[in-house]
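Peer 1: this is the structure alone, sequence omitted:
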């Protein structure tokens, strides 16, 4: 059985760009507009699931109320914890820790952010959340309001890339990505869906 996931990345936030894993700043008006524009007015889902961080949750609450949809919060769909890099921009890190940043960009699984979440743990967390989504919603279509890292991981796999190359997948604020997900033995088959 297939689960159709439409992943929506949160929009621009008040504190701007940079590494935002556990930081919980609100959306700007531009961020709200990015998310509203990405989805339009049509409701094509049976449920909504959101990261509990306010940059995702506030929009999901508004959308669920507007369409009368059930809404659940899934902590496993939160962004990677960037540890000591939280709130810092890549430009700032190029001044203070360029070698560590370059190692992370080249191989995030071997060189996670200092004090941050290991990429293997992040991947396991996201796939545990995916399993819960599949058990609850297989055979239907669900909108998931989440973060760039989650979308990069699933998008890499849907594109045939190994998970370790997730940073090659670009995901803009307010971008949508539709995926068809099925179980394949102990693993997953993830494909980009046609709209």
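Peer 2: Alright, I've got the coordinates. Since we're looking at a predicted model, the values are computed, not measured.

Peer 1: do I have it right that residue 84 meets residue 112?
Peer 2: No: using Cβ atoms under 8 Å as the test, residue 84 is too far from residue 112 to be in contact (10.7 Å). Yep, even glycine has a C-beta here, placed from its N, CA and C like the rest.

Peer 1: show me what contacts residue 134?
Peer 2: Residue 134 sits next to 3, 181, 183 when contact means Cβ atoms under 8 Å, 6 or more residues apart in numbering.

Peer 1: among these, which ones are buried?
Peer 2: Buried subset of the contacts of residue 134 (neighbour count, 16 or more other Cβ atoms under 10 Å): 3, 181.

Peer 1: turn the contacts of residue 134 into TSV, columns for distance to residue 60 and secondary structure.
Peer 2: Shown next, in TSV, are the contacts of residue 134 (distance: Cβ to Cβ, whole Å; DSSP: H, G, I helix; E, B strand; the rest coil):
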residue	distance to residue 60	secondary structure
3	18	strand
181	19	strand
183	26	strand
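
Peer 1: can you lay out the contacts of residue 134 as JSON lines showing distance to residue 169 and pLDDT?
Peer 2: Formatted as JSON lines, the contacts of residue 134 follow (distance: Cβ to Cβ, whole Å; pLDDT from 0 to 100):
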{"residue": "3", "distance to residue 169": "20", "pLDDT": "97"}
{"residue": "181", "distance to residue 169": "16", "pLDDT": "96"}
{"residue": "183", "distance to residue 169": "23", "pLDDT": "91"}
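
Peer 1: relative to residue 17, which of the contacts of residue 134 is nearest.
Peer 2: Top of the list for closeness to residue 17, among those and by Cβ to Cβ, is residue 181 at 29.7 Å.

Peer 1: where's residue 189, which helix or strand?
Peer 2: Secondary structure assigned from DSSP states H and E places residue 189 in strand 187-192.

Peer 1: packing partners of that strand?
Peer 2: helix 148-158, strand 176-184 (3 or more Cβ pairs under 8 Å, 6 or more residues apart in numbering; DSSP states H and E).

Peer 1: what does that strand rub up against?
Peer 2: 127, 130, 154-155, 157-159, 177-183.

Peer 1: narrow those residues to those that are buried.
Peer 2: If we count by 16+ other Cβ under 10 Å, the contacts of strand 187-192 have these buried: 127, 130, 154, 155, 157, 158, 177, 178, 179, 180, 181.

Peer 1: just grab the bridge partners of the closest residue to the fifth one other than its chain neighbours for me.
Peer 2: Going back to what we said before, that points to residue 157. Nearest residue to residue 157 in three dimensions, chain neighbours excluded: residue 190, at 4.8 Å (Cβ to Cβ, 6 or more residues apart in numbering). In this entry, residue 190 is beta-bridged to residue 181, by DSSP bridges.
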